[in-house]
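A.B. asks: Sequence plus the predicted model coming up.
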Amino acid sequence: MVEIIFIVPFITGLIAFFVPKEIGRPLLVFTGAIHLVLSLFLWIKRPVAYFSDYFAITPEGLLSLLVISLLFFLISIYTMGYLEESKIQSENIFTGFMLLFLSTMTMVTLSDHIMIMWIAIEATTLTSAPLIYTHRSGASLEATWKYVLICSVGIAMALLGSVFVTLAMDIGQVDAPLSFSALTQVAKSLDPLWLKAGFVFILVGYGTKMGLAPMHTWLPDAHSEAPSPASALLSGVLLNCAYLGICKTNKIMYAAGLNDFSSTILIVFGLMSILAAATFILKQNEYKRMLAYSSIENMGIIAVGTGIGGIAAYGAIICMIHHSLIKSSLFLSSGNILLGYGTRLITNTGDMVSRMPKTFIAFFSGFAGISGFPPFGIFIGELFIIVGAFRSGRYVTIGIFIAALCVIFAGFSNQIMKISFADFEGTIQIKEKASMVWPQYILLLTSLIFCFYMPDTVYQTIVDAVTAVGGGLR
Amino acid sequence: MILNPVDTILTFVLLSVLFSFGSSRLPMLISVVAFQGIVVSIVPFFLGHGMTAGGMTFTIGTLLIRGIIIPMSIYIAIKKVAIHREVEPIIGYHASLLCGLGLIVAATYLSRHLNLPSISHYTLLFPTAIALLVTGMFLLMARRNAIAMVLGYIMMENGIYLVGTTFSVRARHIVEFGILLDVLAGVMIMAIILQNIKRTFDDVDTALLRTLKE
């Protein structure tokens, strides 16, 4: 019974709307714990879904699921402390939608049917929109409006793409279930024209949700206006969920022998995202927006890696896992900074190294990790992507890639130095509670451990996830 | 060539598309969207895909939601907030109309070059679907009034619904169900945001929403 893993948070989410905050907060952590246990159970047992037409356990789904569970559990612990410090009106709505959001994202990772995948991804938009509007300000309203509208239109494109894929089945006279796994097997007999059209629309649609440029405009607003735990979830998990949709469709393209077509498009969109991030990160004056642009950059890196294929696809999955772990820790730390300094502007912060030393450690090592310093995983992932690009002779691509990464690093480090070491006159408004720094440490530590020691089953799952696109460590 | 019933009613939809390019008043636009919603939900009846009792219920449900519930709720929304009823165009009405004409020509031209066996009897099906889709996107981009934008979104979904339910026989109900659910929930969320925009800014002109940039 695989489905129970998203039914549980759905039910507790509904309950959370009607209980006072003394119960709501522990409920969040409790559900996170159950979810983590259940997803570990899925890893060990690999059971078959009850509705096997619609849901299935796939390697890439399992990887995302594990990341979601771990992240949500740690974020829920952080949220306990965060909610005490920040004054959020109608907290039960916040916790309720956090849980519903978890439920819908879990559903994305498990769905195998093209339409169920689409429904689940659209549902993530609807359940996360109220989270962005938590602060009830004009700016957060604008961010929510942009998010709902742009993502709904994007997702509508993805629906059109999904319909085109079914059309490719009709014209190719294929009789198979409408699931990704079944379609990958019969991909050769699908009509190539409509399959290509379907892929383009699905890429644009889910790419909007994933934050690929030029459809990324909602992302910095939404990530900066949402409360930090929600930003951490949006950036760390939601973007991966959208990527799953693209990744699975890309597998069909590979199986159909249309990988040249899909690779080129993925690489172009990926490079555009990295370049867009490089342009905007340089003159960014808000730290949460800066982190958001860094997410766009990383999604670009993942898209490029997936497009290149081979060892680079392996690198892309590594980047995806580590980006989730590190970026969510950064967003949680940014929540501490926001509560401490009471501002989002970089110029009004400073001297974090002595004012908020615990947060500083988390924030600075997170920065080192996300900008690709060894020994963190992003470094390894990017290295694999670069090696893969050289192997397949894409010199121009990788030239742009490396140059843009350098620019981003320069811009990013400049801002981080200001936050950490610049002079600061005011006072810090909160104390650094243990529950508000330990989750970040654990996230970063997990990322670090995964670089040096990866359990065989995890390694095997990653390899399984990328063999379909010619990936692996060979 | 003898026109069949599907093409006949779709002609009206195409006309309504043109109409929506030129209309300046919100209540008018709402009735256009309602009309389109009704038509796209009854088209599958005429296609002879073999109606089951379940399919029938679905179609009637869609008809109710698309044709009546959603337009009514939007109508009530504008009555309640009593905002001025102009769509506040970025591109003027005459230019919009010209775009609309060009769009219909292009869609018809395109559909002649596609190989679609399942709908080859219905000349207007594909052009109408494309026209609805692009018109929706046009309204989203070229109108500043938030309600006009929501209507554009619904029109776009109508177009996709037409594609989804008529082009492919496969998995029709799950498509219908999914779209229905999402449109309903999406419009509800948008309506809530609209009310909040109205309350915060005292207007639904999206030009007011421009503090977040870059």
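C.D. replies: Received, thanks. Just so we're clear, the structure is a prediction, and the values are computed from it rather than from any experiment.
A.B. asks: Is A:Gly32 in contact with A:Ser76, as I believe?
C.D. replies: Yes - counting by CB atoms under 8 Å, A:Gly32 does reach A:Ser76; the two are 4.0 Å apart. All C-beta spots, glycine's among them, are computed from the backbone N, C-alpha and C.
A.B. asks: quick one: contacts for the spatially most central residue of chain B?
C.D. replies: The residue lying closest to the centre of chain B (CA atoms, centre = their mean) is B:Met155, at 1.4 Å. Each residue near B:Met155 by CB atoms under 8 Å, 6 or more residues apart in numbering or on different chains is listed here: B:20, B:33, B:36, B:132, B:135-136, B:139.
A.B. asks: Now with 6 Å, please.
C.D. replies: B:33, B:132, B:135-136 (CB atoms under 6 Å, 6 or more residues apart in numbering or on different chains).
A.B. asks: Apart from its chain neighbours, what residue comes closest to it?
C.D. replies: The spatial neighbour of B:Met155 that comes closest, neighbours along the chain excluded (CB to CB, 6 or more residues apart in numbering or on different chains), is B:Gly136 at 3.7 Å.
A.B. asks: Next one, pLDDT for the one you found please.
C.D. replies: Confidence at B:Gly136, expressed as pLDDT, is 90.
A.B. asks: Please apply the same query to B:Arg170.
C.D. replies: 64.
A.B. asks: Below-threshold pLDDT in chain A: ranges please.
C.D. replies: Flagging of chain A using pLDDT under 70 yields the residue ranges A:471, A:474.
A.B. asks: Could you verify my assumption that B:Pro44 touches B:Thr165?
C.D. replies: Yes - judged on CB atoms under 6 Å, B:Pro44 makes contact with B:Thr165 at a distance of 5.1 Å.
A.B. asks: Name the residue in these two with the higher neighbour count.
C.D. replies: B:Thr165 (25 against 21; other CB atoms under 10 Å in any protein chain shown).
A.B. asks: Quick check: next helix or strand after the helix or strand hosting that one?
C.D. replies: Using DSSP states H and E, the element containing B:Thr165 is helix B:146-166. On the C-terminal side of helix B:146-166, the nearest following helix or strand under DSSP H and E is helix B:172-201.
A.B. asks: and that following helix, anywhere near chain A?
C.D. replies: Yes - judged by CB under 6 Å from any CB of the partner chain, helix B:172-201 and chain A are in contact via B:174, B:178, B:182, B:185-186, B:189, B:193, B:196-197, B:200.
A.B. asks: which bits of chain A sit near chain B?
C.D. replies: So chain A meets chain B at A:115, A:119, A:122, A:126, A:129, A:138-139, A:141-142, A:144-145, A:148, A:152, A:156, A:159-160, A:163, A:166-167, A:170, A:178, A:221, A:280 (CB under 6 Å from any CB).
A.B. asks: Weed out the non-buried ones from those residues.
C.D. replies: A:115, A:119, A:122, A:126, A:129, A:139, A:141-142, A:144-145, A:148, A:152, A:156, A:159-160, A:163, A:166-167, A:170, A:178, A:221, A:280 (16 or more other CB atoms under 10 Å in any protein chain shown).
A.B. asks: Keep only those of the residues you listed that are in helices.
C.D. replies: Among these, the ones falling in helices (DSSP state H) are A:115, A:119, A:122, A:126, A:129, A:139, A:141-142, A:144-145, A:148, A:152, A:156, A:159-160, A:163, A:166-167, A:170, A:221, A:280.
A.B. asks: what about A:Val165, how many neighbours?
C.D. replies: 24.
A.B. asks: Let me see the contact set for it.
C.D. replies: A:Gly198.
A.B. asks: let's go with 10 Å and repeat that
C.D. replies: A:Val165 sits next to A:114, A:178, A:180, A:183, A:190-191, A:194-195, A:197-199, A:201-202, A:249, A:252, B:168 when contact means CB atoms under 10 Å, 6 or more residues apart in numbering or on different chains.
A.B. asks: Check A:Gly472 too.
C.D. replies: Going by CB under 10 Å, 6+ apart, the list of residues near A:Gly472 reads A:310-311, A:313-314, A:462-464, A:466.
A.B. asks: Also B:Ala148?
C.D. replies: B:20, B:23-24, B:26, B:29-30, B:86-89, B:139-140, B:142, B:204, B:206.
A.B. asks: Ok, B:Tyr93 next?
C.D. replies: Here B:Tyr93 is in contact with B:21-24, B:87 (CB under 10 Å, 6+ apart).
A.B. asks: Quick check on these: which are buried?
C.D. replies: For the contacts of B:Tyr93, buried by 16+ other CB under 10 Å: B:21, B:23, B:87.
A.B. asks: so which of the residues you listed would you say is closest to chain A?
C.D. replies: B:Val87 (15.8 Å; CB to the nearest CB).
A.B. asks: can I assume the closest one is in contact with B:Val32?
C.D. replies: No - applying CB atoms under 10 Å, one finds B:Val87 not in contact with B:Val32, separated by 11.6 Å.
A.B. asks: any residues in contact with both of these two?
C.D. replies: Joint contacts of B:Val87 and B:Val32 (CB under 10 Å, 6+ apart) are B:20, B:23, B:151.
A.B. asks: quick one, helices of chain B?
C.D. replies: So, for chain B - with DSSP H - the helices run B:5-22, B:26-46, B:53-62, B:70-81, B:93-112, B:125-142, B:146-166, B:172-201.
A.B. asks: I'd like these written out as TSV, with distance to A:Thr217 added.
C.D. replies: Listed next are the helices of chain B as TSV, based on distance: least, CB to CB, whole Å:
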stretch	distance to A:Thr217
helix B:5-22	25
helix B:26-46	26
helix B:53-62	32
helix B:70-81	25
helix B:93-112	23
helix B:125-142	13
helix B:146-166	15
helix B:172-201	17
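A.B. asks: ranking these by burial, who's on top?
C.D. replies: helix B:146-166 (a mean of 25; mean count of other CB atoms under 10 Å in any protein chain shown).
A.B. asks: between it and helix B:125-142, how big is the angle?
C.D. replies: 160 degrees (axes from the mean of the first three to the mean of the last three CA atoms, to 10 degrees).
A.B. asks: got the angle between helix B:146-166 and helix B:172-201?
C.D. replies: Using the same axes, to 10 degrees: helix B:146-166 against helix B:172-201 is 180 degrees.
A.B. asks: Distance of A:Phe10 relative to A:Ala120?
C.D. replies: 12 Å (CB to CB, to the nearest Å).
A.B. asks: likewise B:Gln36?
C.D. replies: Distance from B:Gln36 to A:Ala120, by CB to CB: 28 Å.
A.B. asks: And for A:Ala158?
C.D. replies: Counting by CB to CB - A:Ala158 and A:Ala120 are separated by 12 Å.
A.B. asks: same deal with A:Ile442?
C.D. replies: Distance from A:Ile442 to A:Ala120, by CB to CB: 28 Å.
A.B. asks: Between those two, which has more neighbouring residues?
C.D. replies: Applying other CB under 10 Å to A:Ile442 and A:Ala120 shows that A:Ala120 carries more neighbours, namely 26 against 16.
A.B. asks: As a markdown table, the residues of helix B:172-201 next to chain A with distance to A:Gly81 and pLDDT would be great.
C.D. replies: Supplementary listing: the residues of helix B:172-201 next to chain A in a markdown table, determined by distance: CB to CB, whole Å; pLDDT from 0 to 100:
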| residue | distance to A:Gly81 | pLDDT |
| --- | --- | --- |
| B:Ile174 | 42 | 67 |
| B:Gly178 | 38 | 71 |
| B:Asp182 | 35 | 71 |
| B:Ala185 | 32 | 73 |
| B:Gly186 | 34 | 76 |
| B:Ile189 | 29 | 76 |
| B:Ile193 | 29 | 78 |
| B:Asn196 | 28 | 78 |
| B:Ile197 | 32 | 77 |
| B:Thr200 | 30 | 77 |
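A.B. asks: Name all residues that make contact with residue 72.
C.D. replies: This is for chain A. A:Phe72 neighbours (CB under 10 Å, 6+ apart): A:9, A:28-29, A:31-33, A:35-36, A:39, A:79, A:98-99, A:101-102, A:105-106, A:229, A:232-233, A:236-237, A:328.
A.B. asks: other chain: chain B
C.D. replies: Counted by CB under 10 Å, 6+ apart, B:Met72 has contacts B:30, B:34.
A.B. asks: can you do 7 Å?
C.D. replies: Neighbour list for B:Met72: empty [criterion: CB atoms under 7 Å, 6 or more residues apart in numbering or on different chains].
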